[in-house]
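Chemist: For reference, the sequence and a predicted model appear below.
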Amino acid sequence: MRWDPAQYLRFADQRSRPFGELLARVGSERPGIVVDLGCGPGQLTAELARRWPSARVFGVDSSPQMVERARQVLAGSGVQVVEADLRDWQPPAQVDVLVSNATLQWVPGHRDLLPRFAGWLAHGGWLALQVPGNFTEPSHTELAALCATPRWRDRLGADLPAPVAHDPAVYLETLNACGLIVDAWETTYLQVLAGPDAVYEWARGTTLLPVLAQLEAAEAEELCADYRQRLARHYVPGPAGTVMPFRRVFVVAQRAQRSSPRPASSPEPASSPEQASSPETGVEATAPVAGAPVAPAAGVPAARAAGVPAARAAAGAPAAGAFGTLAALHHVQLAAPPGSEQVDRAFYAGILGLAEVPKPVGLAARGGAWFRAGSLELHIGVEADFRAARKAHPGLLAGSLAELEAIAERLSVAGHPVRWDQDFPGYHRFYTEDPHGNRLELLAPRG
Ligand SMILES: C[S@@+](CC[C@H](N)C(=O)[O-])C[C@H]1O[C@@H](n2cnc3c(N)ncnc32)[C@H](O)[C@@H]1O
């Protein structure tokens with residue numbers, strides 16, 4: 001099957017959005033090895049390298065055309081692009097983040113591969129996959145109907161490779177059985193596509209490929225003309241474009257930390273704050289402070305940490321008989337005036353060293369920015385009538401006094417005075433203000 005990177009990328013915006021929403025749920029901070037299975041033209045693999053600049057990133061794809069494009073796109077990025085079938089490829093060491101976006105639907109029997117992928121994960125490692133689940137939409141059923149007509153049935157045969165994906169619950173059960181903590185969900189996007197015959201153009205980048213691979217050029221032209229007409233009956237352009245409903249299935253799963261405790265009440269391994277182990281160095285990133293509350297990892301809803309079965313949690317329903325106890329802090333929101341995102345990035349990422357995480361697309365239009373480090377998540381939200389919070393404040397925990405002092409030094413040099421305070425037993429701490437005057441407390445455990 002011959003992929004055409006240019007045709008595939010005609011709808012790059014719509015195709016990349018699920019990737020962003022998938023990766024937003026992966027909480028890894030300093031992974032050693034990151035793998036993108038089915039990396040395609042590489043533009044999304046580049047996002048992985050940007051997010052984790054110190055990681056060794058591998059892109060794996062079986063299409064020579066896609067690999068060629070990915071090597072161009074990723075030149076100089078340090079990403080290693082490997083031409084291989086993902087069913088045969090092996091990572092060089094344990095993997096900290098394994099991503100597969102819009103690929104596994106092309107791999108028959110991919111559910112059986114999941115235990116192998118789970119086995120590649122380092123302790124605390126993440127598996128994130130996304131597959132389309134739109135195969136009952138006219139874009140697919142019309143093609144199947146056309147291929148089954150007398151004109152094409154004998155020519156194409158009955159064994160055309162067709163994409164296959166499962167419901168979220170199937171992935172959840174399979175990966176739970178591998179000992180992973182799983183967060184699975186689905187979304188139906190109402191994609192608004194621009195241009196004439198937009199859904200046909202979309203399908204030329206993906207859906208049509210297995211069919212076209214069987215045909216001579218003239219035959220392909222004939223079939224495409226028919227398919228295009230069939231699609232036109234279902235997808236009628238409106239003033240804003242052509243609406244193409246598109247269901248997608250998302251799965252983010254994490255292998256438990258090596259030493260994380262398992263609450264007696266939980267049937268599954270417990271998650272602990274970010275502690276990505278690097279197979280390269282054997283070094284483990286910041287350990288949670290002893291005695292600190294254990295927050296669920298970013299990919300795991302709080303309900304999971306409370307032992308609520310995932311399917312019920314995903315549906316928003318409490319577990320039968322559950323008291324409804326809250327489990328942990330998910331994030332803290334601070335306010336900022338409109339248009340201050342650059343200043344916020346300079347402060348929270350540049351000085352405090354937090355990593356910016358993409359806001360979900362539905363929320364991004366509101367402005368502001370989200371930041372994360374380990375289990376700490378800060379959301380900066382825009383408030384038109386902004387007033388600085390001078391008393392209420394988050395307490396941000398550093399791993400050690402040395403780290404706290406280094407942050408204090410960076411703040412002072414950048415013009416944010418710090419005020420040390422000895423009044424909190426068991427902790428060193430200081431206060432400062434963010435660029436808008438919001439009070440912040442930073443602390444580290446004594447001893
Ligand atoms: C729809 S594209 C997705 C590309 C990329 N992940 C993205 O989201 O833009 C699917 C990719 O999976 C690759 N692929 C399909 N089957 C594969 C296999 N068995 N091994 C490796 N790559 C495969 C294709 O070559 C193609 O580049």
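Modeler: That came through, no problem. Residues are numbered from 1 along each chain as shown.

Chemist: Quick check: bridge partners of the residue of the stretch 251-400 of the chain found nearest the ligand?
Modeler: With CB to the nearest ligand atom, the shortest gap between the stretch 251-400 of the chain and the ligand falls at Val251, namely 14.6 Å. To be clear about C-beta, it is placed using only N, CA and C from the backbone, and glycine gets the same treatment. Beta-bridge partners of Val251, counted by DSSP bridges, are Leu129, Ala184.

Chemist: pretty sure it is in contact with Leu129, am I right?
Modeler: Yes - between Val251 and Leu129 a contact is recorded at 5.0 Å, counting by CB atoms under 8 Å.

Chemist: which parts of stretch 227-235 are buried?
Modeler: Tyr227, Arg228, Arg230, Leu231, Tyr235 (16 or more other CB atoms under 10 Å).

Chemist: What residues does this structure have near the ligand?
Modeler: Contact residues (CB under 6 Å from any ligand atom) of the chain with the ligand: 3, 15, 19, 38-40, 44, 60-63, 66, 85-87, 101-103, 106-107, 206.

Chemist: mind listing which of those are in helices?
Modeler: Arg15, Phe19, Leu44, Met66 (DSSP state H).

Chemist: Lowest pLDDT pick from those?
Modeler: Lowest pLDDT of these: Arg15, 91.

Chemist: What's the separation between the closest residue to that one other than its chain neighbours and Ala240?
Modeler: In space, Arg15 comes closest to Ala102 once its chain neighbours are excluded; the distance is 6.9 Å by CB to CB, 6 or more residues apart in numbering. In this view, Ala102 and Ala240 are 24 Å apart by CB to CB, to the nearest Å.

Chemist: Which one's more surrounded, those two?
Modeler: The neighbour comparison of Ala102 against Ala240 (other CB atoms under 10 Å) goes to Ala102, with 23 against 9.

Chemist: That one reaches Leu37, doesn't it?
Modeler: No - assessed by CB under 8 Å, Ala102 is found out of contact with Leu37, at 10.8 Å.

Chemist: Ile351: what's it in contact with?
Modeler: Each residue near Ile351 by CB atoms under 8 Å, 6 or more residues apart in numbering is listed here: Ile407, Arg410, Leu411, Ala414, His416.

Chemist: repeat that with 10 Å
Modeler: By CB atoms under 10 Å, 6 or more residues apart in numbering, the contact set of Ile351 is Ile407, Arg410, Leu411, Val413, Ala414, Gly415, His416, Thr432, Asp434, Pro435.

Chemist: Mark which of those are part of strands, please.
Modeler: Taking DSSP state E, the ones among these that sit in strands are Thr432.

Chemist: which regions of the stretch 201-350 of the chain sit below the pLDDT cut-off?
Modeler: 259-323, 325, 327 (pLDDT under 70).

Chemist: overlap in contacts of Val251 and Leu129?
Modeler: By CB under 10 Å, 6+ apart, the residues touching both Val251 and Leu129 are Leu22, Ser100, Leu104, Leu114, Tyr171, Leu175, Ala184.

Chemist: So Leu193 sits against Pro245, correct?
Modeler: No - contact criterion CB atoms under 10 Å: Leu193 and Pro245 do not qualify, at 11.2 Å.

Chemist: Show me which of these two is the more surrounded one.
Modeler: Between Leu193 and Pro245, counting by other CB under 10 Å, Leu193 is the more crowded of the two (21 against 13).

Chemist: and stretch 197-208, C-alpha only, in PDB?
Modeler: The C-alpha coordinates for stretch 197-208 follow below in PDB (Å, rounded to 0.1, in the frame of the first residue of the first chain):
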ATOM      1  CA  ASP A 197     -15.300  16.900  -2.500                       C
ATOM      2  CA  ALA A 198     -13.700  17.300   0.900                       C
ATOM      3  CA  VAL A 199     -14.500  13.900   2.300                       C
ATOM      4  CA  TYR A 200     -13.300  12.200  -0.900                       C
ATOM      5  CA  GLU A 201     -10.000  14.200  -0.600                       C
ATOM      6  CA  TRP A 202      -9.800  13.000   3.000                       C
ATOM      7  CA  ALA A 203     -10.300   9.400   2.000                       C
ATOM      8  CA  ARG A 204      -7.700   9.600  -0.800                       C
ATOM      9  CA  GLY A 205      -5.200  10.200   2.000                       C
ATOM     10  CA  THR A 206      -6.200   7.000   3.900                       C
ATOM     11  CA  THR A 207      -9.400   5.000   3.400                       C
ATOM     12  CA  LEU A 208      -9.000   4.500  -0.300                       C
END
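
Chemist: Report the distance from that stretch to the chain centre.
Modeler: Counting by CA atoms, centre = their mean, to the nearest Å, stretch 197-208 is centred 25 Å from the centre of its parent chain.

Chemist: for stretch 152-171, same thing?
Modeler: Relative to its parent chain, stretch 152-171 has a centroid offset of 26 Å by CA atoms, centre = their mean.

Chemist: Then stretch 340-349?
Modeler: With CA atoms, centre = their mean, you get 23 Å for stretch 340-349.

Chemist: List the buried residues for that stretch?
Modeler: Buried-residue list, stretch 340-349, by 16+ other CB under 10 Å: Ser340, Val343, Asp344, Phe347, Tyr348.

Chemist: so what's whichever residue of the chain sits closest to the ligand scoring on pLDDT?
Modeler: Among the residues of the chain, Gly40 lies closest to the ligand, at 2.4 Å counting by CB to the nearest ligand atom. Looking at Gly40, its pLDDT reads 96.

Chemist: How about the contacts made by it?
Modeler: Counted by CB under 10 Å, 6+ apart, Gly40 has contacts 3, 5, 8-9, 15, 59, 61, 63, 65-67, 69-70, 73, 101-103.

Chemist: Could you say which helix or strand holds Asp154?
Modeler: helix 150-156 (DSSP states H and E).

Chemist: residue contacts, the residue nearest to Leu212 when sequence neighbours are not counted?
Modeler: What sits nearest to Leu212 in space, not counting adjacent residues and going by CB to CB, 6+ apart, is Ala220, at 5.1 Å. Ala220 is in contact with Leu208, Val211, Leu212, Ala213, Gln214, counting by CB under 10 Å, 6+ apart.

Chemist: Which ones among those residues map onto helices?
Modeler: Val211, Leu212.

Chemist: top of the contacts of Ala220 by neighbour count?
Modeler: For those, neighbours tallied by other CB under 10 Å; top is Val211, 24 neighbours.

Chemist: ok, how many other residues are close to Arg71?
Modeler: Neighbour tally, Arg71, other CB under 10 Å: 15.
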